[in-house]
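> A predicted structure for the sequence below; I have some questions about it.
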Amino acid sequence: MKRVTKVLRAMASTIGLLALQSPAIAQDYPNRAITIVCPFGPGTAIDIIGRQLAQHMTATLGQSVIVDNRAGATGNIATDYVAKAKPDGYTIYITSTSIILNQIVSAPGYNLQRDFAPIALSGVLPYALAVPSSLPAQNVQELVAMAKAKPGKLNYVGYVGGVPQFLGEMLNRAADINIAMVPYKSTTDAASDFASGRVEVLWTPVPSSLPFASNKQGRVLGVTGSKRATILPDVPTLKEAGYPDLTVEVGYWFLAPAGTPKPVVEKLGSAIKAGLRDDKVWAALAQQGVEKKEGGPEETGAYLAGEIKKWDAIVKQSAPATR
């Protein structure tokens, strides 16, 4: 009994010491450079968001904030690296919905809710449904009619386990059609085949669809999301076209390794929120098609939980081959 009492006293003492240290940690933080790890290469939407906010965070926090691109294994290399990093607030992670799909589809070993502490939301990006100019469909309804008239004859660009695959399957189920997925490893090859009309349907982030429209190589028939994309105000949503389930978006948010002190997490979250509310930063992100979505640690944790639940249901409804 005495031994148990000693252990309990020691635990209470440790907890009290940590409570006293937390304000000091936050006050001293940061005293050196912070690294934002990005799971994909330079020029991607997630990289652009990270760099825009890193620049503003540098001014806000008074220390350099740099972006480290650790691409590979569909984002798993970066995710695993940050999960194992020291939880001191100097290595953080900007990530997206694709990492949720990795967790659900391939069971990579990490758990986004167990191994990370949510910091802040940083925006969402809707997807565009596009067709090449050679295809006569002028809207979603005409595309669906074509697919019904030629079951199994139309194809769409997909990446196994990626967002486009599941969007394609969702439309197939909702419209009772069969547009087959053509799996691609390279976005360059996919873009070339789409522009030439060798594949008829492309699901791609809204900004990636703009070059096809401007070059008259394709047209955007609809966008996902609950409202029209700011940079494509004349294009209806899939919900407007009669498919209310196709309102999914790709979210972007920041995480820290689990165990990062709460005051540090809150300080980082405040710096990110300040960046999102800066007119210059937001104008740059809006040009990339990013839609506003902000929130601190609690909102980010709730959003992440909701997205995991939603995408788990979407994957379970898809073909068994995707799991």
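Alright, I've got the coordinates.

> so who does Thr300 touch?
For Thr300, the contact set (Cβ atoms under 8 Å, 6 or more residues apart in numbering) comprises 118-121, 253-254, 269. In short, each C-beta sits where N, CA and C put it, glycine included.

> and the two most separated of these?
Trp253 and Gly269 (10.4 Å; Cβ to Cβ).

> the two: who's more crowded?
Trp253 (30 against 23; other Cβ atoms under 10 Å).

> show me how far the helix or strand containing Ile104 is from its chain's centre.
In this assignment (DSSP states H and E), Ile104 forms part of helix 97-106. Helix 97-106 sits 10 Å away from the centroid of its parent chain (Cα atoms, centre = their mean, to the nearest Å).

> which strands or helices does it pack on?
Here helix 97-106 touches helix 76-83, helix 163-175, strand 249-257, helix 297-317, going by 3 or more Cβ pairs under 8 Å, 6 or more residues apart in numbering; DSSP states H and E.

> and stretch 172-185, how far apart are its ends?
One end of stretch 172-185 to the other measures 22 Å (Cα to Cα, to the nearest Å).

> who's in contact with that stretch?
So stretch 172-185 is contacted by 144, 147-148, 151-152, 154-160, 165, 168-169, 171, 190, 193, 199-201, 243, 245-246, 317 (Cβ under 8 Å, 6+ apart).

> and if we set it to 7 Å?
144, 147-148, 151-152, 154-160, 165, 168, 190, 199, 201, 243, 245-246 (Cβ atoms under 7 Å, 6 or more residues apart in numbering).

> among those, the buried ones, what's the ChimeraX command?
Here is the ChimeraX command that selects the buried residues among the contacts of stretch 172-185 (16 or more other Cβ atoms under 10 Å):
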select :144,147,154,155,156,157,158,159,165,168,190,199,201,243,246
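
> so which of the contacts of stretch 172-185 belong to strands?
155-158 (DSSP state E).

> rewinding a little: shared neighbours of Trp253 and Gly269, anything?
Ala120.

> just the C-alphas of stretch 57-70, formatted as PDB.
The C-alpha trace of stretch 57-70 is given here as PDB (Å, rounded to 0.1, in the frame of the first residue of the first chain):
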ATOM      1  CA  MET A  57       4.300  32.100 -40.000                       C
ATOM      2  CA  THR A  58       8.000  33.100 -40.200                       C
ATOM      3  CA  ALA A  59       7.000  36.700 -39.700                       C
ATOM      4  CA  THR A  60       4.400  35.900 -37.000                       C
ATOM      5  CA  LEU A  61       6.500  33.500 -34.900                       C
ATOM      6  CA  GLY A  62       9.900  35.200 -35.400                       C
ATOM      7  CA  GLN A  63      11.700  32.100 -36.500                       C
ATOM      8  CA  SER A  64      12.200  30.600 -40.000                       C
ATOM      9  CA  VAL A  65       9.500  28.200 -41.100                       C
ATOM     10  CA  ILE A  66      10.600  26.000 -44.000                       C
ATOM     11  CA  VAL A  67       8.800  23.400 -46.100                       C
ATOM     12  CA  ASP A  68      10.500  20.000 -46.500                       C
ATOM     13  CA  ASN A  69       9.000  17.900 -49.400                       C
ATOM     14  CA  ARG A  70       9.300  14.200 -48.600                       C
END
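
> specify which member of the ones in strands among the contacts of stretch 172-185 is nearest to Thr97.
Gly158 (15.5 Å).

> and the pLDDT at that closest one?
Looking at Gly158, its pLDDT stands at 91.

> not counting its own residues, what contacts the helix or strand Lys292 falls within?
Assigned by DSSP H and E, Lys292 belongs to strand 291-295. Contact partners of strand 291-295, identified using Cβ under 7 Å, 6+ apart, comprise 120-121, 123-126, 230, 251, 273, 276, 303.

> buried only: go through those residues for me.
120-121, 123-126, 251, 273, 276, 303.

> farthest pair within the residues you listed?
The widest separation within the buried ones among the contacts of strand 291-295 (Cβ to Cβ) is 22.0 Å, between Pro126 and Lys273.

> which residues sit in contact with Asp88?
Contacts of Asp88 by Cβ under 7 Å, 6+ apart are Thr260.

> and the helices in the stretch 1-150 of the chain?
Applying DSSP state H, counting those that start in this stretch to the stretch 1-150 of the chain gives helices spanning 2-28, 45-61, 76-83, 97-106, 140-149.

> partner strands of the longest strand seen in the chain and their direction?
Across the chain, the longest stretch assigned as strand under DSSP E is strand 116-132. Within its sheet, and counting by DSSP bridges, strand 116-132 is paired with strand 202-205 (antiparallel), strand 218-223 (antiparallel), strand 249-257 (antiparallel), strand 291-295 (antiparallel).

> figure out which of these is closest to Thr35.
Here strand 249-257 is closest among those (Cβ to Cβ), at 11.4 Å.

> hmm, back to that, now tabulate the ones in strands among the contacts of stretch 172-185 in TSV and tack on distance to Tyr110.
Shown next, in TSV, are the ones in strands among the contacts of stretch 172-185 (distance: Cβ to Cβ, whole Å):
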residue	distance to Tyr110
Asn155	33
Tyr156	30
Val157	28
Gly158	25
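
> run through who's touching stretch 32-46.
47, 50, 54, 63-71, 75, 78-79, 81-82, 90-96, 99, 125, 205, 207, 252, 288.
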